[in-house]
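Undergrad: quick one: sequence and predicted model below, then my questions.
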Amino acid sequence: MKKSDIPVLPKFFDRYINIADNTFILDALEQGATFEKLIPARTLEDLGELRYAPGKWTVKDIVQHIIDNERIMTYRAMRFSRNDQTPLPGYDEELFGQFANANHRTIADLYDEYASLRQASIALYKSFDDEMLLRSGVCFNQTITVLALGFVLVGHATHHINIIKERYLPLLSTNNA
């Protein structure tokens, strides 16, 4: 199924879904299966703990956040695909970021974890038939389908990669000047 098959775009999540291409969900997940082809690990290592503004995350924090979000969204998708109607809460991304210790890890380690996790997400989505993809549940006070959650995975990662490219990569030229 494609993004255009999502019956209703849920508020808040729509900003991520809209970023994703209108392609089949498995193709969309496969396209973002690794960070390395999007931003080489060495480039992010060179950024170290630079931040584009006070109080903002480092690139390691961002990659860890993408990983955490992928785990949460796939958990939600699995529950809803099984027709679990228990409303699921949101999560505090700032709290997660504060206690994840991402800056004690290497970019290579974070990239490996992301690639493994995305492969697991792809395997999960391969197990869903069309009926399961259109099942929905409530999370963060929004009704959302399993299909929409898959496109949230794609768009959320793209959103943060765009932020890295737009706000962090220019720091390399400023820092080397």
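TA: Structure's in. What do you need?

Undergrad: okay, CA-based contacts and neighbour counts for the rest of this
TA: Noted.

Undergrad: OK, contacts around Gly97?
TA: 61, 64-65 (C-alpha atoms under 8 Å, 6 or more residues apart in numbering).

Undergrad: show the end-to-end separation of stretch 14-29, please.
TA: One end of stretch 14-29 sits 17 Å from the other (C-alpha to C-alpha, to the nearest Å).

Undergrad: could you look up the SS state of the residue lying closest to Pro87 once chain neighbours are set aside?
TA: In this structure, Pro87 finds its nearest non-sequential neighbour in Val138, 4.8 Å apart by C-alpha to C-alpha, 6 or more residues apart in numbering. What DSSP: H, G, I helix; E, B strand; the rest coil gives for Val138 is strand.

Undergrad: now do the buried residues in stretch 42-53.
TA: Neighbour counts over stretch 42-53 (16 or more other C-alpha atoms under 10 Å) mark 44, 47, 50, 52 as buried.

Undergrad: next one: stretch 132-141
TA: 132-139.

Undergrad: export those residues to JSON lines and tack on distance to Leu88 and pLDDT?
TA: Formatted as JSON lines, these follow (distance: C-alpha to C-alpha, whole Å; pLDDT from 0 to 100):
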{"residue": "Met132", "distance to Leu88": "18", "pLDDT": "98"}
{"residue": "Leu133", "distance to Leu88": "18", "pLDDT": "98"}
{"residue": "Leu134", "distance to Leu88": "17", "pLDDT": "98"}
{"residue": "Arg135", "distance to Leu88": "15", "pLDDT": "98"}
{"residue": "Ser136", "distance to Leu88": "12", "pLDDT": "98"}
{"residue": "Gly137", "distance to Leu88": "8", "pLDDT": "98"}
{"residue": "Val138", "distance to Leu88": "6", "pLDDT": "97"}
{"residue": "Cys139", "distance to Leu88": "5", "pLDDT": "94"}
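
Undergrad: what comes into contact with the one helix or strand Thr143 maps to?
TA: Under the criterion of DSSP states H and E, Thr143 resides in strand 142-145. Residues outside strand 142-145 that contact it (C-alpha under 8 Å, 6+ apart) are 6, 8-11, 77, 80, 133-138.

Undergrad: these in helices, which ones?
TA: Judged by DSSP state H, helices contain the following of those: 77, 80, 133.

Undergrad: just give me the closest of the contacts of strand 142-145 to Ile122.
TA: Ala77 (11.9 Å; C-alpha to C-alpha).
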